[in-house]
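> Generate a structure from the sequence data that follows.
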Amino acid sequence: FSFRAAQATRHPNTTAVLEDLTFDVTLRDGAGNTSTIRIGAYGGGIEEPYQRTGCGTGAGWANEFETVMIRLEDFLADGSGVDLSDVEAVRFEFGGAHGSALGRLALDEIQFTVD
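Modelled structure (predicted):
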């Protein structure tokens, strides 16, 4: 399972923290079983934007997408019993109970890849 994410530039929720953001990814199967992984378990989180100067006034930023890859088998590690052949939903969970309390993210290229 993979997706790309970037912290949204110039947003007050990004500038208020300026650190890596973490959140949870939950898979749910057709029987309602779930398994959750916090992306911080893979070393950090979504990087804060790098502030650049020299082009116009103030600090200009660029969204820098990074790819997060989670092995589907990792969703089985907690003994959840989730059926990976019957995944019904993917849920991204944000906020203090699920990682970083504050932030603004952009997500794209959410995909499952099977060998």
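> Which pLDDT value belongs to residue 115?
As predicted, residue 115 sits at a pLDDT of 65.
> before we move on, what about residue 11?
On pLDDT, residue 11 comes in at 80.
> you'd agree it is up against residue 105?
No: assessed by CB atoms under 8 Å, residue 11 is found out of contact with residue 105, at 9.6 Å. All C-beta spots, glycine's among them, are computed from the backbone N, C-alpha and C.
> any shared contact partners between these two?
Common neighbours of residue 11 and residue 105 are not found (criterion: CB atoms under 8 Å, 6 or more residues apart in numbering).
> Please say which of the two ends up with more neighbours.
residue 105 (19 against 15; other CB atoms under 10 Å).
> Quick check on the spatially closest residue to that one that is not a sequence neighbour: phi, psi?
Spatial nearest neighbour of residue 105, excluding adjacent residues (CB to CB, 6 or more residues apart in numbering): residue 5 at 5.5 Å. Per-residue torsions, residue 5: phi -150, psi 150 (degrees, to the nearest 10).
> Now do the contacts for residue 5.
46, 65-66, 68, 105-107 are the contacts of residue 5 under CB under 8 Å, 6+ apart.
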